[in-house]
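# Build me a structure from this.
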Amino acid sequence: MAHPDNQAQDQDKVGNHRIKFVTGADSFGCSLKDALVSHLGSLNIEVEDIGVGAYYTIGEEIGRRVSADADSNSTHKTYGLVACGTGVGVQIFANKSPSVYAATCLTPEEAQNTRSINNANVLAVSGMSTPPDTAIKILDTFINTPFKSPCAASGNKDWDPEIQSFLENSLPEMAKIGINKDEQYSNCAICCLAKNREFVPVDIMPGGMMKIVRESPTSAVVKFKAGSVEPAHHHTFGHDLIVMQGSKRVWNLTKSENYDLGAGDFLFTPAGDVHRVKYFEDTEFFIRWDGHWDIFLDEDLETAKAAIEAEL
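This next block holds a predicted model:
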């Protein structure tokens, strides 16, 4: 049931914008996230739930999606709702993207303050310390508090004109933070080819390096050192893979099949299929996901190594 003070019923608005929420959580925040998704549905607010994953991948993905819409001139805006054990981890990684202002809120007053002062567009909540009824009040307050409105920090009075002017003038300056002025990207399929990007470690997969060259649908070049192992994992989207050099074996655990791949070989792995990989040589391959890149581990590295050793 909607909060009695909520004015968003059939309006689905934050401030003057019709909205949708992109939501996600880690395992410690998923129950609270599900309760809040249900509440948003009761308010007729559009929700895109990307599900459950590691707090850093969930936070980064929601931040990326909110960032992509932040500078749009559309009257329909995307906001984020993220949950983890404390609400802090998902907030940190959501804030890695430009024009994303994620705030962890443990009380309705904090939600009111951050909407009024920071124009926050991602709400982070704590699955371990916030009960669902309190979280619903926090979310309702986030939805119903416009930027620069009276809040707990202002003593619930209108801000002085000087402060209101400061808050208004801060928005264009805030939007510049995190943007490399030497590189411009767009949603154009050609223009979003990444320039000057370097290989970066895939922390969740020791021995792996990845360079993303196109965003959602994601294309990337990936390298793994000889002897590296990818523990069993799955992705939200299916992916095409072409080996450019080296050799590897892929075990599709969902289908009980395995594939030995070398230079020039192609493999498609459907969305959700759990797969494990062993690299026999230094290997480089091109990979393209049908949507955004994400990864969800289904076993740890030591378990994967033991399973591969037993088979080989």
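
# so Thr269 makes contact with Thr254?
No: using C-beta atoms under 8 Å, Thr269 makes no contact with Thr254, being 9.2 Å away. No exception for glycine: its C-beta is placed from N, CA and C like everyone else's.

# of those two, who's got more company?
Remark: of Thr269 and Thr254, Thr269 carries more neighbours, 22 against 15, as counted by other C-beta atoms under 10 Å.

# who does that one bridge with?
His239 (DSSP bridges).

# could you list every residue that touches it?
Contact analysis of Thr269 by C-beta atoms under 8 Å, 6 or more residues apart in numbering lists His235, Gly238, His239, Leu241, Val250, Asn252, His275.

# same deal with His292?
Glu61, Arg64, Arg65, Glu215, Ser216, Pro217, Thr218, Thr236, Phe237.

# on that earlier part again, what residues are shared contacts of Thr269 and Thr254?
Common neighbours of Thr269 and Thr254 (C-beta under 8 Å, 6+ apart) are His275.

# sorry, back to before: tell me the buried residues within the contacts of Thr269.
His235, His239, Leu241, Val250, Asn252, His275 (16 or more other C-beta atoms under 10 Å).

# need those in JSON lines with pLDDT, distance to Ser42 and secondary structure, can you?
Shown next, in JSON lines, are these (pLDDT from 0 to 100; distance: C-beta to C-beta, whole Å; DSSP: H, G, I helix; E, B strand; the rest coil):
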{"residue": "His235", "pLDDT": "92", "distance to Ser42": "31", "secondary structure": "coil"}
{"residue": "His239", "pLDDT": "94", "distance to Ser42": "36", "secondary structure": "strand"}
{"residue": "Leu241", "pLDDT": "96", "distance to Ser42": "42", "secondary structure": "strand"}
{"residue": "Val250", "pLDDT": "97", "distance to Ser42": "44", "secondary structure": "strand"}
{"residue": "Asn252", "pLDDT": "97", "distance to Ser42": "40", "secondary structure": "strand"}
{"residue": "His275", "pLDDT": "97", "distance to Ser42": "38", "secondary structure": "strand"}
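
# Turn those into CSV, columns for distance to Val200.
Below are the buried ones among the contacts of Thr269 laid out as CSV (distance: C-beta to C-beta, whole Å):
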residue, distance to Val200
His235, 18
His239, 19
Leu241, 19
Val250, 23
Asn252, 27
His275, 22
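
# Look up how far Lys305 lies from Tyr56.
Taking C-beta to C-beta, to the nearest Å as the measure, Tyr56 and Lys305 are separated by 23 Å.

# quick one: which of these two has more around it?
Tyr56 (18 against 15).
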